[in-house]
Structures are given as structure tokens and as C-alpha cells.
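Trainee: Quick one: sequence plus predicted model below, questions after.
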Amino acid sequence: ARRCSFRYRFVMRIVAVAMLRNEADILPDFLGHCAALFDEVLVVDHASTDGTSEMLEAAAARMALRSWRFAQDAKMQSLVVTALAREAAERGADWIVPLDADEFPLLPSRAAFEAALADGPPVRRGSWRNVWPAGRAGFEHFAAAGTHDSVRATVRKVLFRGDIARSGARFGIGTGSHAVTPTPAPPEPLGALAHIPLRHVDRVALKIAV
């Protein structure tokens, strides 16, 4: 009899989850970044009116993306993102990364992402690096690939192993995805996220109004 040997390679499955609203101006950059880093992206569109919904529908034909529409006016980000994380866990996610459309993990490659997650605690944290267009004219001609100014911020976002989302009724993600319950061990740093909230004049006005 001929003896056969098989070698198995376990692939880490990393899934991003996001709740978005009226992010059409930055959505192509966000989804392109996600396509390079994540196995799947699960998105809830919160009643967008600027074309975000149509862009998500078109993107789903080109990448591993699932989206749902949330039409209520209530701000329920914590509950919605928690539900998305549970869905990601049920779909086999080894790691779950909550993001907003204006957040970009600063990682050179998917391989570097996996290597950084391979060892360490089940909850990690990325620190914001606030980014905005360089110069006064930048707000008139913003592009994610353009020139920017930045400053390190104290805000941190969590990412966590899928088994935490499978831990039962105690599981939950705080507003803004700055914390997760339960947290088996103190989160360790895992690089930075470029945070780009002010992309153009209209966005600045919206932030002031909110």
C-alpha cells in the first residue's frame, strides 16, 4: 500500500463589521482597504441618502461583502455592531474588527496583519491617528491618496477574537467600539488607525451641527 501524507494549513479568518451612514465620499477608499485586509465585511447601512446604499450593493458583486439596511432614526450603534459581530462569529470569524468608514488600519499587508494577531491576548486595540487634508485648499480637493497632516489621538478601538462574540449573553460592544465585554485580559496595542473624519467643508459643517 502506498502511504500518503497530508499537510493542513489553518487560515486565519478576519472579518470587519461596520455601521455606516452617508459615507459615499470615502466609501470606495474604505471598501478597497477592507478588500485587501479582510476575508469578509459585514455592514449595516443606517438609512443613507447620498448613494451609500447603491455603492454597497454594487460592491457586493466584486468583494466578500454583506449589507443590511437599518431604517430607524434611533442611534443604536452599540446594539447593531454587537449583532454584526455575533453574525461574524457565527460565520466562522477568528478575529472581528469593528470599524467606521473613516477608519483605516495602518498595516502594510494582510500577512503582516495575521502575524501581528498570531500571538497575544484575545482583545487588541488600535489607536487613532487623526488625519485631515494638508493646507487650506485640501478640503476642496480631498483624496485618501493625497497629502495629509496628522496627529496622534488618545482614542482607541478594540478588535477581538471570534470566541469572545460566541461567549453568550454577556457579550457586547460599547458605543464607538472603544470597548468590548467580556475582556479576558487587558488589550494590547496593535498599531494605529488613520481616522479621517473631516474630508471636506460639508463634513466639517455636519460635525459642528451634530
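Mentor: Received the coordinates, thanks.
Trainee: from here on, contacts and neighbour counts on C-alpha atoms
Mentor: OK.
Trainee: Could you identify the helix or strand that succeeds the lengthiest strand in the chain?
Mentor: Across the chain, the strand with the greatest residue count (assigned by DSSP state E) is strand 148-161. As assigned by DSSP states H and E, the chain's next helix or strand after strand 148-161 is helix 162-165.
Trainee: Pull the longest strand of the chain out as PDB, backbone CA atoms only.
Mentor: Output of strand 148-161 as PDB, limited to C-alpha atoms (Å, rounded to 0.1, in the frame of the first residue of the first chain):
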ATOM      1  CA  HIS A 148      -2.400  65.000   4.700                       C
ATOM      2  CA  ASP A 149      -1.500  66.300   8.100                       C
ATOM      3  CA  SER A 150      -2.000  64.100  11.200                       C
ATOM      4  CA  VAL A 151      -1.700  64.000  14.900                       C
ATOM      5  CA  ARG A 152      -1.900  61.000  17.300                       C
ATOM      6  CA  ALA A 153      -5.100  60.900  19.400                       C
ATOM      7  CA  THR A 154      -5.900  59.100  22.700                       C
ATOM      8  CA  VAL A 155      -9.000  57.300  21.300                       C
ATOM      9  CA  ARG A 156      -8.600  53.600  20.900                       C
ATOM     10  CA  LYS A 157     -10.700  51.000  19.100                       C
ATOM     11  CA  VAL A 158     -10.900  47.300  20.000                       C
ATOM     12  CA  LEU A 159     -10.600  44.200  17.900                       C
ATOM     13  CA  PHE A 160     -11.100  40.700  19.400                       C
ATOM     14  CA  ARG A 161     -11.200  37.000  18.800                       C
END
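Trainee: May I have the phi/psi pair for the spatially most central residue of the chain?
Mentor: The centroid of the chain falls nearest to L99 when counting by CA atoms, centre = their mean (2.4 Å). Main-chain dihedrals, L99, degrees, to the nearest 10: phi -140, psi 160.
Trainee: repeat for E23
Mentor: Dihedral angles (degrees, to the nearest 10) for E23: phi -120, psi 30.
Trainee: Give me the pLDDT value at it.
Mentor: The confidence metric pLDDT takes the value 92 at E23.
Trainee: Against G162, how distant is it?
Mentor: Distance of E23 to G162, given as CA to CA, to the nearest Å: 27 Å.
Trainee: for V43, same thing?
Mentor: Here V43 is placed at a distance of 17 Å from G162 (CA to CA).
Trainee: again, but for A118
Mentor: 14 Å.
Trainee: So between those two, which is more surrounded?
Mentor: G162 (25 against 11; other CA atoms under 10 Å).
Trainee: For the longest strand of the chain, buried residues please.
Mentor: The neighbour-count check on strand 148-161 (16 or more other CA atoms under 10 Å) flags H148, R156, K157, V158, L159, F160, R161 as buried.
Trainee: What helices and strands are in contact with that strand?
Mentor: Packing partners of strand 148-161 (3 or more CA pairs under 8 Å, 6 or more residues apart in numbering; DSSP states H and E): strand 95-98, strand 123-133.
Trainee: follow-up on the earlier one: any idea which of the buried residues of strand 148-161 the model trusts least?
Mentor: H148 (81).
Trainee: Surely it touches A134?
Mentor: Yes. Using CA atoms under 8 Å, H148 is in contact with A134, at 4.4 Å.
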